[in-house]
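>>> Build the 3D model from these lines:
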Amino acid sequence: SEEDMAEIRNLNGLQPGREKDMSRIELTIRNTSGDKALIFWVGPDGIVPQGELDTSSIQRIHTYAGHVFEAKFVGSSQTVARFRVSSEPQHQEFLINEVMIKESRKDEL
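So this is what the prediction gives:
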């Protein structure tokens, strides 16, 4: 129906009832860990893969305040980093580093 289509057009990745923020944020995801990382967006309907990030590389994503991203290392189901996008600054960075590798391996022992 037309009403359903209007609701779909208004979706913004936030939970229903939360205010929609139309200002786009550029998120740079930087992997300095030395291990390949898997990036996920935590959406209202579950976790959505965003791709692999090689060692010493970056990925840029245009996103919105309130969105949450997670990182896991290839071969592990454990989340090693989580980042919630804030409303400012306009450019933000999600860093995945070698300290996270040590912590994730310590937790698996």
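>>> Report the beta-bridge partners for residue 61.
residue 27 (DSSP bridges).
>>> Check residue 73 too.
In this entry, residue 73 is beta-bridged to residue 37, by DSSP bridges.
>>> pLDDT wise, what is it at?
On the pLDDT scale, residue 73 is placed at 90.
>>> Surely it touches residue 80?
Yes - Residue 73 sits in contact with residue 80 when judged by Cβ atoms under 8 Å, with a separation of 6.1 Å. Yep, even glycine has a C-beta here, placed from its N, CA and C like the rest.
>>> so where's the protein uncertain?
The chain contains residues with pLDDT under 70 at 4-22, 100-109.
>>> Break down it into its helices, ranges please.
Along the chain, counting by DSSP state H, helices occupy 2-9, 98-108.
>>> gap between the residue nearest the centre of the chain and residue 2?
Residue closest to the mean C-alpha point of the chain, counted by Cα atoms, centre = their mean, is residue 69 at 1.7 Å. Per Cβ to Cβ, to the nearest Å, residue 69 is found 34 Å from residue 2.
>>> who's in contact with residue 51?
Shown in contact with residue 51 (Cβ atoms under 8 Å, 6 or more residues apart in numbering): 38-39, 59.
>>> before we move on, what about residue 95?
So residue 95 contacts 30, 32, 81 (Cβ under 8 Å, 6+ apart).
>>> Please apply the same query to residue 24.
Applying Cβ under 8 Å, 6+ apart, we find residue 24 in contact with 62-64.
>>> do residue 29 as well
Counted by Cβ under 8 Å, 6+ apart, residue 29 has contacts 39, 53, 58-61, 69, 71, 83, 93-94, 96.
>>> try it again with 6 Å
Counting by Cβ atoms under 6 Å, 6 or more residues apart in numbering, residue 29 touches 39, 59, 94.
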